[in-house]
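K.L.:
next comes the sequence, and after it the predicted model I'd like to discuss.
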Amino acid sequence: MDELIEQIKVVLADSFVMYTKAHGYHWNIEGDDFPYLHDFFAGIYEEVYGSIDSTAEQIRQIQGRAIHTLLEFDKYRTVSDVAVTVPTDYTAMLSDLLSANQLVLASLMRAYDLADSNKEFGLANYLQDRMMAHKKHAWMLRSTLNKAGD
Ligand SMILES: [Fe+2]
């Protein structure tokens, strides 16, 4: 069970870092596609932020301590905390978010396997829902990148 608790902390930290990236890109994007990309990044950060509370509460439900300091998020994250700083480089922003999203998905899959082997089926169900949400983010990010590359 300890390994499962530790892995949900990784999911929480990775989700939080992905959220901060998407919110930062929502703020800083510039260029011709500003209106579209500003809203596109908002859709991602709002969805991912919406999972933070419930993921932390899943840790509590299996009697772990929910991490919440920036130092703890930094310790547990696998997603890079380095962000794109060129405001017009939307392709780099989209690629960075796509990479972050893939790492969140990988963390979710590890957590799912551990939840399943610990017979925490409700938690496994929750993690499946998160995987579906991040699969959708991957699809939308990939498709938007293709449009940006035209
Ligand atoms: Fe905003």
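P.N.:
Structure received.
K.L.:
after the helix or strand encompassing S95, next one along is what?
P.N.:
Element membership for S95 (DSSP states H and E) is helix 90-117. Next helix or strand after helix 90-117 toward the C-terminus (DSSP H and E): helix 121-149.
K.L.:
how far does that next one sit from its chain's centre?
P.N.:
9 Å (C-alpha atoms, centre = their mean, to the nearest Å).
K.L.:
avg pLDDT for the helix holding S95?
P.N.:
The predicted model gives helix 90-117 an average pLDDT of 98.
K.L.:
show me where the protein dips below the pLDDT cut-off.
P.N.:
147-150 (pLDDT under 70).
K.L.:
what's the local residue count around W27?
P.N.:
A count of nearby residues for W27, using other C-beta atoms under 10 Å, gives 12. No exception for glycine: its C-beta is placed from N, CA and C like everyone else's.
K.L.:
any buried residues in the helix or strand where it lies, and which?
P.N.:
According to DSSP H and E, W27 maps onto helix 2-28. By neighbour count on 16 or more other C-beta atoms under 10 Å, the buried set for helix 2-28 is 4-5, 7-26, 28.
K.L.:
what does stretch 128-140 give?
P.N.:
R130, M131, A133, H134, H137, A138, M140.
K.L.:
and which of those is nearest D116?
P.N.:
M131 (12.6 Å; C-beta to C-beta).
K.L.:
pretty sure the closest one is touching S107, no?
P.N.:
No. Counting by C-beta atoms under 8 Å, M131 does not reach S107; the two are 10.2 Å apart.
K.L.:
hang on, the earlier thing: what angle separates the helix holding S95 from helix 2-28?
P.N.:
160 degrees (axes from the mean of the first three to the mean of the last three C-alpha atoms, to 10 degrees).
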